[in-house]
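[1] requesting a structural model of the entry that follows:
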Amino acid sequence: MEPAPPVRIGLYEALGLAPLGKAVAETRLALGGDVGTPRSRFGLSTLRQLRPRWAVPLWLGRRPAGRRVPITNLFNYRQPPPEDGWSVRVTDVRDFRGGATTYDSHNGTDFAVPPGTDVVAAAPGVVLRVSSEYHRGGRKILVDHGRGLVTTYNHLARPLVRPGERVGRGQRIALSGYSGLDALAGFPWAPPHVHFNVWLDGVHVDPFAPIDGDQPSLWRRHNDPVPATGADLDDPGAPPTVWDEARLARAIAACTHAGARAEMAGAATVGERAGAVLLQRCYFPTRFDRAALGPDGSLYPTRSPRAPWLDLPFSARDYDGVMFVDG
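    Residues are numbered from 1 along each chain as shown. Next comes the predicted model:
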């Protein structure tokens with residue numbers, strides 16, 4: 001099967017620069033911080049994110065690894081405290097294989113694909129949020145899969161779904177890009193990619209299972225994610241999450257950032273409120289009073305175990321699997 005050519009995406013859209021005023025304001029916040037948000041940290045080791053060998057062909061619409069998606073960064077198991085600020089430096093890192101294909105604060109998986117590539121739902125679910133935070137991953141989509149599991153798709157160029165929409169496994173939900181501050185800073189030497197987050201019970205987790213542990217992978221094909229095909233595309237999925245409104249209200253009240261608190265409280269539906277709370281809790285944890293969140297701060301009444309549930313968030317027409325850029 002021939003891969004679909006990427007949809008032609010203009011550079012302005014790919015980089016997520018609209019609206020420009022919002023992008024400028026959030027760039028200032030990332031660089032300077034504010035009362036509730038530490039400034040981001042950079043250094044010479046940040047230059048490791050520049051990978052011209054991969055970036056240039058990807059920006060030109062090519063697939064340098066053929067039908068394999070290059071993974072340029074993995075989840076870091078030694079992340080610094082959020083109070084220290086988001087760090088794109090490489091000072092203390094370890095990925096699931098015991099390697100160093102990551103950076104200090106990296107909390108997801110970076111799949112390097114040409115702008116305009118179809119991004120699909122990694123499992124059936126309900127869209128919680130579609131938004132853009134230029135300083136924290138650009139344009140993004142949050143999908144609730146039930147079972148305490150939420151995935152987020154970041155650095156998008158063009159979302160194609162709306163909050164409240166039910167999506168199927170392997171359904172196209174967006175066109176990829178490289179929206180966000182780090183893209184503009186690294187263009188054209190940083191590879192365009194989809195930053196893929198997985199949250200279990202509201203906490204960032206690695207979908208890959210550490211090779212020196214016994215916990216299960218969250219990928220349906222253990223540590224070797226592939227796209228969904230055939231009958232899997234008809235998977236009805238788990239029942240959507242029934243959100244605990246009292247826990248949501250407590251989380252909102254614990255937010256010390258007036259603007260974020262107003263946005264969360266003003267969400268139109270319970271699902272959108274949950275999406276706003278999850279985003280703020282995971283991307284801006286220093287905006288919350290930990291003591292006010294309660295003993296565990298969870299939005300879920302019960303804990304969910306790790307279990308294989310996710311597929312590669314790209315179409316089987318375009319890709320067969322993944323490869324690691326460090327070989």
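[2] I'd like to know how many residues surround the residue nearest to Leu184 when sequence neighbours are not counted.
    Excluding the flanking residues, the one nearest Leu184 by CB to CB, 6 or more residues apart in numbering is Leu15, at 5.7 Å. Every C-beta, even on glycine, is put in place using the N, C-alpha and C of the backbone. Residues lying near Leu15 (other CB atoms under 10 Å) number 24.
[3] list the contacts of Leu15.
    Contacts for Leu15 (CB atoms under 8 Å, 6 or more residues apart in numbering) come out as 177-180, 183-184, 187.
[4] and Ile173, by the same measure?
    119-121, 127, 141, 143, 153, 159-161, 167.
[5] extract the residue ranges of the chain that are flagged as low pLDDT.
    Filtered on pLDDT under 70, the chain yields the residue ranges 1.
[6] one more pass at 80, please.
    The chain contains residues with pLDDT under 80 at 1-2, 4, 294-297, 327.
[7] elements contacting the longest strand seen in the chain?
    The single longest strand within the chain, with elements called by DSSP state E, is strand 149-159. When contacts are defined as 3 or more CB pairs under 8 Å, 6 or more residues apart in numbering; DSSP states H and E, strand 149-159 sits against helix 11-14, strand 125-133, strand 138-144, strand 172-176, strand 193-200.
[8] nearest to Leu74, of those?
    strand 193-200 (10.6 Å; CB to CB).
[9] now the element after that closest one, going C-ward?
    Counting by DSSP states H and E, the next helix or strand C-terminal to strand 193-200 is strand 203-205.
[10] give the buried residues for the next helix or strand after that following strand.
    Counting by DSSP H and E, the next helix or strand C-terminal to strand 203-205 is helix 245-253. The neighbour-count check on helix 245-253 (16 or more other CB atoms under 10 Å) flags 247-248, 250-252 as buried.
[11] contacts for helix 245-253?
    With CB under 8 Å, 6+ apart, helix 245-253 has contacts from 261, 264-265, 270, 273-274, 277, 281, 288, 292-294, 297-301.
[12] and with 7 Å instead?
    Helix 245-253 is contacted by residues 261, 264-265, 270, 273-274, 277, 281, 292-294, 299 when judged by CB atoms under 7 Å, 6 or more residues apart in numbering.
[13] ok, of these, which come out buried?
    The buried subset of these (16+ other CB under 10 Å) comprises 261, 264, 273-274, 277, 281, 293, 299.
[14] and the nearest residue to Ala55 once chain neighbours are set aside, what does it touch?
    Once flanking residues are discounted, Ala55 sits nearest to Pro191: 4.3 Å by CB to CB, 6+ apart. Taking CB under 7 Å, 6+ apart, we find Pro191 in contact with 51, 54-55, 58, 72, 112.
[15] one step back: will you turn the contacts of Leu15 into TSV that also has distance to Glu2?
    Shown next, in TSV, are these (distance: CB to CB, whole Å):
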residue	distance to Glu2
Gly177	23
Tyr178	25
Ser179	28
Gly180	31
Ala183	28
Leu184	33
Phe187	29
